[in-house]
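J.: The sequence isn't on hand, but the structure is:
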């Protein structure tokens, strides 16, 4: 059903000397262990900085060391001092890899100080905030002629009411900063079917103090969502890039990838490379589009200037992914690339079980189709035969949460 990474390791070309430069991963999420595995299997010393001491991602055997610090809660100056101290203790001018919006903003805002003992591919001034902020990203798309969903940004209830006559329901009510809205309300987005529901949901979410946006709902399910993962050098040349498609999401139909497949999409690739060249983009990119069958366009959904949670879906025949491409480029080595691997599938076990059960309850998926969907899965987010502890910790934590909700 899947191929063991350990068995493939011998066939992957590894540039000489790559183990000499250590890496520090700012890993507050659930995919830091995948970065540790990807680089650790090459012999790189990978050090993790985790926001939660109970994080299953911290259990990987491929971490050279684990450290615990919450960038979102600590004062910025104190975090810079703490991280520089860690960098000096590790030595070797370590590479620094952020993995979420908070850590991206932190590294971008404190780049000058952090360069004292870290290497990273910094963006042009102001670009990180422009692509992370939904309003500014929408303006960038309009400026550069990239299709995107029609969006409005009401500052208050009165402006929202003024937009009502022009809205075509259903629509999506989102936060300008998705993760800020999630932290404050527990919701990343809400599907709204009529004006009365919009007024109710807008008032509820606006009370959190988050900036809100109204966005057209592009028809189609998870299979309409396409992704590009790539790495761009200092001059915005794409040294590695692959496209893929979401098959299921968590939560069902509107969240992160729980099951994905590698599949070539020249239209998505051309649009992405053109936009990144225009922006002068550098470093790792995780970008998403949705195909609009009404217009025949791929409309940009989001742009993440960092390692995406599904980056291990995008692996070529040479074993290269965006993390390895980043490492080899920043250590002055050529980036070995192979052929795309259409049909390669990757799954997040715990997320996809919940997502699939939701589709089963809605009668959108039958048991035979569910089982067939796992054909071609070569890698799982948590389980790995050479690194079992993250999967065990994930299962234990999932069961504890489920029991707590039941109670």
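T.: Noted; the coordinates are in hand. Source: prediction; values computed, not measured.

J.: ok now stretch 231-249, how far from the chain's centre?
T.: Relative to the centre of its chain, stretch 231-249 is centred 12 Å away, using C-alpha atoms, centre = their mean, to the nearest Å.

J.: Now that stretch: average pLDDT?
T.: Averaged over stretch 231-249, pLDDT sits at 98.

J.: Which helix in the chain has the most residues?
T.: Scanning the chain for the longest helix, with DSSP state H as the assignment, gives helix 389-406.

J.: Name the residues of it that are buried.
T.: 390-391, 393-394, 398 (16 or more other C-beta atoms under 10 Å). All C-beta atoms are positioned from the backbone trio N, CA, C, and that covers glycine.

J.: Max pairwise distance over these: which two?
T.: Across these, no pair lies farther apart than 390 and 398, at 12.2 Å, counting by C-beta to C-beta.

J.: before we move on, back to that, okay, the buried residues of helix 389-406 in JSON lines with distance to residue 383 next?
T.: Converted to JSON lines, these look like this (distance: C-beta to C-beta, whole Å):
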{"residue": "390", "distance to residue 383": "8"}
{"residue": "391", "distance to residue 383": "4"}
{"residue": "393", "distance to residue 383": "12"}
{"residue": "394", "distance to residue 383": "9"}
{"residue": "398", "distance to residue 383": "13"}
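
J.: With pLDDT and distance to residue 288 as added columns, please give the residues you listed in a markdown table.
T.: As requested, these are exported to a markdown table (pLDDT from 0 to 100; distance: C-beta to C-beta, whole Å):
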| residue | pLDDT | distance to residue 288 |
| --- | --- | --- |
| 390 | 97 | 25 |
| 391 | 97 | 27 |
| 393 | 95 | 28 |
| 394 | 95 | 24 |
| 398 | 86 | 26 |
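
J.: Who are the packing partners of the longest helix of the chain?
T.: helix 349-361 (3 or more C-beta pairs under 8 Å, 6 or more residues apart in numbering; DSSP states H and E).

J.: From the contact counts, what lies against the helix it packs on?
T.: With contacts defined as 3+ C-beta pairs under 8 Å, 6+ apart, the secondary structure elements packing on helix 349-361 are strand 238-250, strand 256-262, helix 367-372, helix 389-406.

J.: How is this structure divided into domains?
T.: Using automatic domain parsing, the domain parsing of the chain gives 18-120, 150-216, 222-375.

J.: I'd like the distance from the second one to the chain centre, please.
T.: Using C-alpha atoms, centre = their mean, the distance from the centre of domain 150-216 to the centre of the chain it belongs to is 23 Å.

J.: Next: the longest one.
T.: Mean C-alpha position of domain 222-375 versus that of the full chain (C-alpha atoms, centre = their mean) differs by 9 Å.

J.: Now do it: distance from first to last residue.
T.: Terminal residues of domain 222-375 lie 18 Å apart, using C-alpha to C-alpha, to the nearest Å.

J.: What strand or helix carries the spatially most central residue of the chain?
T.: Per C-alpha atoms, centre = their mean, the C-alpha nearest to the average position across the chain is that of residue 308, at 2.6 Å. Assignment of secondary structure by DSSP states H and E places residue 308 within no helix or strand.

J.: Report the outermost residue of the protein with respect to its centre.
T.: In the chain, the residue most distant from the centre (C-alpha atoms, centre = their mean) is residue 165, at 35.1 Å.

J.: How much space separates it from residue 152?
T.: Counting by C-beta to C-beta, to the nearest Å, the gap between residue 165 and residue 152 amounts to 12 Å.

J.: Show me what counts as buried in whichever strand or helix holds residue 65.
T.: Using DSSP H and E, residue 65 sits within strand 63-68. The neighbour-count criterion (16+ other C-beta under 10 Å) identifies 63, 66-67 as the buried residues of strand 63-68.

J.: swap in stretch 266-281?
T.: Of the residues in stretch 266-281, those buried by neighbour count under the rule 16+ other C-beta under 10 Å are 268-269, 271-273, 275-276, 279, 281.

J.: shaky segments in the stretch 301-407 of the chain?
T.: Flagging of the stretch 301-407 of the chain using pLDDT under 70 yields the residue ranges 405-407.

J.: The same query, at a cut-off of 90, please.
T.: Counting by pLDDT under 90, the stretch 301-407 of the chain has low-confidence residues at 397-407.

J.: is it fair to say residue 334 lies in a strand?
T.: No: assessed by DSSP: H, G, I helix; E, B strand; the rest coil, residue 334 does not belong to a strand; its assignment is coil.

J.: quick one: it from residue 257, how far?
T.: With the distance defined as C-beta to C-beta, residue 334 ends up 30 Å from residue 257.

J.: same deal with residue 103?
T.: When distance is defined by C-beta to C-beta, residue 103 is 20 Å away from residue 257.

J.: Which of those two has more residues huddled nearby?
T.: Neighbours per residue (other C-beta atoms under 10 Å) separate residue 103 from residue 257, with residue 257 holding more: 28 against 23.

J.: and the more buried one, what does it touch?
T.: Residue 257 makes contact with 227, 246, 248-249, 309-310, 313, 346, 348, according to C-beta atoms under 8 Å, 6 or more residues apart in numbering.

J.: can you pull the pLDDT of it?
T.: 97.

J.: Identify the bridge partners of it.
T.: According to DSSP bridges, residue 249 are recorded as the beta-bridge partners of residue 257.

J.: Ok, the one 4 residues further on next?
T.: On the basis of DSSP bridges, residue 261 is bridged to residue 245, residue 345.

J.: Surely residue 226 is in contact with residue 292?
T.: No: under the criterion of C-beta atoms under 8 Å, residue 226 lies out of contact with residue 292, with a separation of 11.5 Å.

J.: neighbour count winner among the two?
T.: Per other C-beta under 10 Å, whichever of residue 226 and residue 292 has more neighbours is residue 226, with 21 against 17.

J.: how about that one, secondary structure?
T.: Applying three-state DSSP to residue 226 yields a three-state assignment of strand.

J.: Contacts for whichever helix or strand residue 302 is part of next, please.
T.: Per DSSP H and E: residue 302 is located in strand 297-304. Counting by C-beta under 8 Å, 6+ apart, the neighbours of strand 297-304 from elsewhere in the structure are 101, 131-132, 137, 141, 146-149, 178, 218, 225-226, 265, 267-268, 271, 285-292.
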